[in-house]
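Chemist: give me a model of this one.
(chains A and B)
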Amino acid sequence: MTPRPREAVSGLRVYTLLLIAWLLLPVAVMIAFGFNDAHGKQNFRWEGFTLRWYAHLLDKGDLTTAVLNSLTIALLSTLVSTVIGTLAGIALGRHRFRGGGAANLVLLMAISCPEIVMGASLLSMFVTFGVPRGYPTVLAAHVMFSIAFVAVTVRARVARLDPAVEEAARDLGAGPWTRFRLVTLPMIRPGVVAGALLAFTLSVDDFVITGFTGGATVTFPLWIYGSTRTGTPPQVNVMGTLIFASGALIAVVVARRTAAAAGPQARDR
Amino acid sequence: MTSTPPGAPADGAGPAIEFAGVEKTYHARGETVAAVRGLDLEIARGEFFSLLGPSGCGKTTTLRLAGGFEEPTAGEVFLDGASVTGVPASRRDVNTVFQSYALFPHMNVFDNVAFGLRRRGVPKGEVKARVGGMLDLVDLAGRERRRPAELSGGQQQRVALARALVNRPRALLLDEPLAALDLKLRQAMQVELKRIQREVGITFVYVTHDQGEALSMSDRVAVMDEGRVEQLGTPREVYERPATRFVAGFIGTSNLLGGEIAEAGPGTAVISYGPDGRIEVPVGGAAEGGKLELTVRPEKIGIGRDRPADGLCRIRGTVTEVVYLGTSTNYTVATAAGKDVVVFSQNVTSGEDVAARGDVVWLSWDPRHSYALGEPR
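Modeler: Numbers count the residues shown, from 1 in each chain, chains lettered A, B, ... in the order given. The predicted structure follows:
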């Protein structure tokens, strides 16, 4: 790397720090007000430090239910959409087949379609077919939009694989299942993990589609939206802080493992 | 499956691999493309056999038909006398070294090499011993824990070789294994491959478009073009006595000459070019007045200022190009028999070149080095 003038380096550093601060400011406010000793219904003015809200985290029963709904829906939809999306991604990345083009187009549409359109059309479909709205319909909707994201990330990974590697496994006596388990899956794992993280993130904070398809089922984002009229309790900040912290933790772990896997670069003998 | 494992010897002798009337056609965009046509080929046990040809000649398809990655459209492939039609690649007793090496990037060297043995349930201790022995053979001992990405191109190549050979296949199929290496390493690996083949005694089927590689390493070479074997023989045979125009042009540099037959005798034909040219070709069935094409290798031709002796083929021409190459000098000479006759002349004596651009010279060679291409017409 060529040495850069000192001013340019410090200028870049200031810019980077400003950018990070700008991105993290709302999060910092959320975390801080989880420690606010608020006494009224509102939690907008700093009234002193307390750990009270952490101790009474589960006091609001319907909030706890909403968070649990969000987490279980996110986990289940991630699981299902990762399996289906991975298989679809492998098929689309590896093979040319009738309907492949249409499948790619549908994936692109599912990603680019405005949520409000998708939510409204899901609702009218469920109403038309007389499907009662609730937990299962939310789950189905989340699986649907997550599949596209998983399939696209896995497809990109598969398209870069050398088909000869699987042929080599075949040549060395591995049947289809062994090939998938020992060769294909480990090679596409980064794509699968990235897709799964994306699916989880999209599901856990989805508001629009859940709002249309949820019926009486309330998730964390829906509960917060409902609470803004009467005053959002500090427990929301605490829940938000915990979700953010676990998300950040997962991101760090994944990033480090990816770095470790790609770490030892090819060197000359 | 029958009780005989695929590729198991049906008898003691036969060829290691046999192609009988094998055809392979592909359908692409409504068109039928023939990759391999009417292939009949026997590859002997322990032989270093090369399939040589330009890209698209069907050599890789032929290899993949033996490996089980393609099924023939017609005809049959036999491994050690047993038909392998319908036997999947995973159950054929041959192994492939791929052009891209196709190592498993997420496994270390040891696990890569052990892959085939583990699939066949070879006991742990034996796996360790055989992998270790194989890594010794390819000079990679001590690098068991490295990932493929941590190895150089040449080392990766040797891992690929070890991974295939450790299974002790009945034949090793190599698909342009050295194409990705630079020249020096490629030459070193050619010697290495030959040594390994001698040591393990396994049949090697080697696909290449590099004639130098094929000639230097092989016991026999099949020169392929457009899905057909143009010529089959030892390197010396295909080089010195090319059977077709294609082989003559593809392997080495060769001079294509031609003309009208002036005299025809039993087993010989003479083309003459006035008082300055007389080319004798050992060929049967020639008739006076017919046309004949022939080839002569550049290094067989002598170049000089004096009229050659009577028994030799001779022709006069004008030097159009002189290229000094250290050990030899290449002359290009325009003659009545062929426009650009190339002559490789060893620089036996130091000093001046035999001829300079624009000089009129005599070219001569022994009639035994004239090879007729096809039948006289």
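Chemist: quick one: stretch B:368-377 to chain centroid distance?
Modeler: Its chain's C-alpha centre and that of stretch B:368-377 lie 22 Å apart, by C-alpha atoms, centre = their mean, to the nearest Å.
Chemist: CA atoms only for that stretch, dumped as PDB, please.
Modeler: Taking C-alpha atoms only, stretch B:368-377 is exported to PDB below (Å, rounded to 0.1, in the frame of the first residue of the first chain):
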ATOM      1  CA  ARG B 368      12.400 -42.700 -47.400                       C
ATOM      2  CA  HIS B 369      11.400 -39.500 -45.700                       C
ATOM      3  CA  SER B 370       8.700 -38.700 -48.300                       C
ATOM      4  CA  TYR B 371       5.300 -39.700 -47.000                       C
ATOM      5  CA  ALA B 372       2.400 -39.900 -49.300                       C
ATOM      6  CA  LEU B 373      -0.800 -38.400 -47.800                       C
ATOM      7  CA  GLY B 374      -3.800 -40.500 -48.800                       C
ATOM      8  CA  GLU B 375      -4.000 -42.500 -52.000                       C
ATOM      9  CA  PRO B 376      -2.600 -41.200 -55.300                       C
ATOM     10  CA  ARG B 377      -5.400 -39.900 -57.600                       C
END
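Chemist: would you say B:V343 is within a strand?
Modeler: Yes: residue state for B:V343 (DSSP: H, G, I helix; E, B strand; the rest coil) corresponds to a strand.
Chemist: list the buried ones in stretch B:247-266?
Modeler: Residues of stretch B:247-266 classed as buried: B:247-248, B:250-252, B:254-257, B:259, B:261, B:264 (neighbour count, 16 or more other C-beta atoms under 10 Å in any protein chain shown). C-beta coordinates here come from the backbone N, C-alpha and C atoms, glycine included.
Chemist: so of those, which ones are in helices?
Modeler: Mapping those onto helices (DSSP state H) picks out B:247-248, B:250.
Chemist: can you pull out the strands in the stretch 51-200 of chain A?
Modeler: With DSSP state E, counting those that start in this stretch, there are no strands along the stretch 51-200 of chain A.
Chemist: mind listing the helices for it?
Modeler: In order along the chain, the stretch 51-200 of chain A carries the following helices (DSSP state H, counting those that start in this stretch): A:52-55, A:61-94, A:100-112, A:115-128, A:135-159, A:163-171, A:176-179, A:185-204.
Chemist: and the longest helix for chain B?
Modeler: Max-length helix for chain B by DSSP H is helix B:183-200.
Chemist: so which elements touch that helix?
Modeler: In terms of contacts (3 or more C-beta pairs under 8 Å, 6 or more residues apart in numbering or on different chains; DSSP states H and E), helix B:183-200 is packed against helix B:124-137, helix B:153-165, helix B:211-217.
Chemist: and these: which comes nearest chain A?
Modeler: With C-beta to the nearest C-beta as the measure, helix B:153-165 is the member of these nearest chain A (6.5 Å).
Chemist: so what touches the closest one?
Modeler: A:168, A:171-172, A:269, B:95-98, B:101-103, B:109, B:112-113, B:115-116, B:131, B:134-135, B:137-140, B:143, B:148, B:151, B:172, B:177-178, B:180-182, B:185, B:188-189, B:192-193, B:196, B:200, B:202 (C-beta atoms under 8 Å, 6 or more residues apart in numbering or on different chains).
Chemist: and what of stretch B:241-259?
Modeler: B:52-54, B:211, B:215, B:223, B:225, B:230-231, B:233, B:238-239, B:271-273, B:279, B:291-298, B:301, B:336-338, B:341-342, B:344, B:371, B:373-374.
Chemist: ends of that stretch, what's the gap?
Modeler: By C-alpha to C-alpha, to the nearest Å, the extent of stretch B:241-259 from end to end equals 19 Å.
Chemist: walk me through the domains of chain B.
Modeler: B:17-248, B:253-372 (automatic domain parsing).
Chemist: below-threshold pLDDT in chain B: ranges please.
Modeler: For chain B, the stretches with pLDDT under 70 are B:1-13, B:376-377.
Chemist: hmm, back to that, which one of the helices of the stretch 51-200 of chain A lies closest to A:F35?
Modeler: helix A:52-55 (7.4 Å; C-beta to C-beta).
Chemist: what comes up buried for that closest one?
Modeler: Neighbour-count burial for helix A:52-55 [16+ other C-beta under 10 Å]: A:W53.
Chemist: same for that helix, what does it pack against?
Modeler: helix A:234-262.
Chemist: so what does the nearest residue to A:L123 once chain neighbours are set aside look like in phi/psi?
Modeler: Using C-beta to C-beta, 6 or more residues apart in numbering or on different chains and skipping the chain neighbours, the partner closest in space to A:L123 is A:F212 (4.3 Å). A:F212 has phi and psi values of phi -80, psi -30 when expressed as degrees, to the nearest 10.
Chemist: repeat that for the one 4 residues further on.
Modeler: In terms of degrees, to the nearest 10, the main-chain angles of A:A216 are phi -90, psi -10.
Chemist: can you name the residue of the stretch 1-150 of chain A nearest to chain B?
Modeler: A:R96 (11.0 Å).
Chemist: just the pLDDT at that residue, thanks.
Modeler: At A:R96, the model reports a pLDDT of 84.
Chemist: flag the shaky bits of chain A, pLDDT-wise.
Modeler: A:1-8, A:261-269.
Chemist: could you rerun that using 80?
Modeler: Scanning chain A for pLDDT under 80 picks out the ranges A:1-9, A:40-42, A:258-269.
Chemist: if I pick the residue most central in space within it, what's in contact with it?
Modeler: The residue lying closest to the centre of chain A (C-alpha atoms, centre = their mean) is A:T201, at 1.9 Å. For A:T201, the contacting residues are A:G247, by C-beta under 8 Å, 6+ apart.
Chemist: for B:P123, grab the count of nearby residues.
Modeler: 9 (other C-beta atoms under 10 Å in any protein chain shown).
Chemist: er, A:V138 actually
Modeler: Neighbours of A:V138 (other C-beta under 10 Å): 28.
Chemist: how about the residues of chain B by chain A?
Modeler: B:67-69, B:88-91, B:95-96, B:98-100, B:102-106, B:115-116, B:119-120, B:147, B:149-152, B:154-155, B:163-164, B:167 (C-beta under 8 Å from any C-beta of the partner chain).
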